[in-house]
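S.K.: next come a sequence and a model predicted from it.
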Amino acid sequence: MKLIAIIFLFALCFTTTFAQHKEQLFFKEFPAEKFNHLMVSTGYGRVFLTSSVDQLGAQVMFLFSEEDAPKAVGIMDKISITHVTRNDSLFITTNFNEKLLKEDSDLMDLANDVVIEYRVKIPPHITPHVHQHHGQVFTGSIQNHIHVDLVDAALYAKMSQKITAKGDQFLIDASGVKTLEVGGEHGYLVLSNVGTGIFDLKRSSLESIGFETVEAQLSNCSFSSGTTQRANVKAVRSSVEFTDIREIASFHLTDVLFVLQKIPYRMTLSSLRGSNDLSLMAGRSVQVQHQMESSNTSINLRGGSVRATFVAKKTQLSFPDESWVKKKEAEYTQDSDHGLQLSAELKKGTMSIKK
C-alpha cells in the first residue's frame, strides 16, 4: 500500500507543481506509413497516448518548478531522447547519464519533483509498446492494441479497445476498456466497465465492479468483483469474492477463502483446504458440480429448494430440518421458484445446506 500512496502522490504533484517551467527535449514527426510498431522506453514522468488519423509523432518536455530550476537544469543536461528505426518499428528512448541513477544524484533527490512528459500521437494501424518505470502511462479513447510494461509505475486507461500490461510494483486504474490482460506481481488494480479481463497475478489486489468475461490465475491475491457474466478462476492461497455471476463459472481453488453471493446457472467448484460461502438468487435455478477435500462449504438456499447427489468420505453433512436424506441423496423442497441441483464428491470437511 505504501507504493500505491506514493503513486497517487505522484499524480497529485503532477497536477499542482509543474506549471512554471517547461523545456523541450524532443519533438519529431515520422512517416506513419513506414511503421507498424512504436516502442517508447522512459522513466520518471508520464506518457500520454492519443489517437490520430495519420500522424505519428512525439513531443517530450522536461517540467520543473522555479524552486528546483538550478538542479533541474543540471539534470536536463544529462538526459537525451533518441530514436532508432528497425524494419517496421520505431524506438524512442529516454537515455539517462549513469551518474543520474546513483542514489545520491540530483535526479534521485528530485524524483518526485521533475517530470519527463511524453505526448505521443499514434495512427490506428500502429501498435504502441510503452516501458515505463517510476511514472505513469495515460490512455484515452484509443482503438490501438496497447502494450505496457510497468516497473514501480501506474497505468490510467479510459475507453481503450485492448490493453496488455505487465508489471512489478504497479497500479492500474482502468475504466471502459474492452479487453484488459494483465500479468505481474505486487500490483493493485481498480477496474470498472471492463469487458474481458485476463489476469495472471501474484501478491496483488484487484477490485472491479464486474466483467463480461473474466479468466484469472491468482497466487497470494485478493480478488473481488461485482456482476459478471462468465468466470474461470484458478487460485492458490488467495481470497476470491463475486457478488453475482449470471451465466457460467468454473473455480479451481487451493487454500482459498471463496464467497459467491449469487450462484450462476451452471458452476463447477473444486476446493482443496478452502472455505466456500455460496448463496442462491431468487428466481434462479442452478446446477453445481462440487469437488471438495479438507474444505468447508456452506450453501444458503434463500428460500429455494435443493436436490443433491453426493459421495461423502469423512465429511460432516448438514441439511435443513424435514429434508429427505439417504446415503448418497438428499432433497429439501420449499414453495419457491428457484433451487439448486447439486452433484458433489466430498472428502473430509463439512458441507452445510441452509434454508
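M.R.: Cool, the structure landed. Numbers count the residues shown, from 1 in each chain.
S.K.: drop to CA atoms for contacts and neighbour counts, all remaining ones
M.R.: OK.
S.K.: my guess is N232 contacts E212. True?
M.R.: No - using C-alpha atoms under 8 Å, N232 is not in contact with E212; the gap is 11.7 Å.
S.K.: the longest strand in the protein is where?
M.R.: Longest strand in the chain, counting residues (DSSP state E): strand 222-260.
S.K.: ok, what's across the strand from the residue nearest to the spatial centre of the chain?
M.R.: The chain has L189 as the residue nearest its centroid, 4.5 Å off, counting by C-alpha atoms, centre = their mean. For L189, the beta-bridge partners are I172, L206 (DSSP bridges).
S.K.: hmm, L201 and it touching each other?
M.R.: No - between L189 and L201 there is no contact under C-alpha under 8 Å: 10.4 Å.
S.K.: list residues touching both of the two?
M.R.: Common neighbours of L189 and L201 (criterion: C-alpha atoms under 8 Å, 6 or more residues apart in numbering): none identified.
S.K.: hang on, the earlier thing: buried residues in the longest strand of the chain, which are they?
M.R.: 222-260 (16 or more other C-alpha atoms under 10 Å).
S.K.: and the helix or strand in which M108 is found, what does it pack against?
M.R.: Here M108 sits within helix 106-109, counting by DSSP states H and E. Packing partners of helix 106-109 (3 or more C-alpha pairs under 8 Å, 6 or more residues apart in numbering; DSSP states H and E): helix 69-76.
S.K.: following the helix it packs on, which helix or strand shows up next?
M.R.: strand 79-86.
S.K.: what is whichever helix or strand comes after that following strand packed up against?
M.R.: Downstream of strand 79-86, the next assigned helix or strand under DSSP H and E is strand 89-96. For strand 89-96, the packing partners by 3+ C-alpha pairs under 8 Å, 6+ apart come out as strand 37-43, strand 79-86.
S.K.: pull up the pairing partners for strand 89-96, direction included.
M.R.: The strands beside strand 89-96 in its sheet (DSSP bridges) come out as strand 37-43 (parallel), strand 79-86 (antiparallel).
S.K.: quick check, distance from the next helix or strand after the longest strand of the chain to the centre of its chain.
M.R.: Beyond strand 222-260 in the direction of the C-terminus, DSSP H and E gives the next helix or strand as strand 266-272. What separates the centre of strand 266-272 from the centre of its chain is 23 Å, taken as C-alpha atoms, centre = their mean, to the nearest Å.
S.K.: and strand 266-272, what does it pack against?
M.R.: Applying 3+ C-alpha pairs under 8 Å, 6+ apart, one finds that strand 266-272 makes contact with strand 222-260, strand 285-300.
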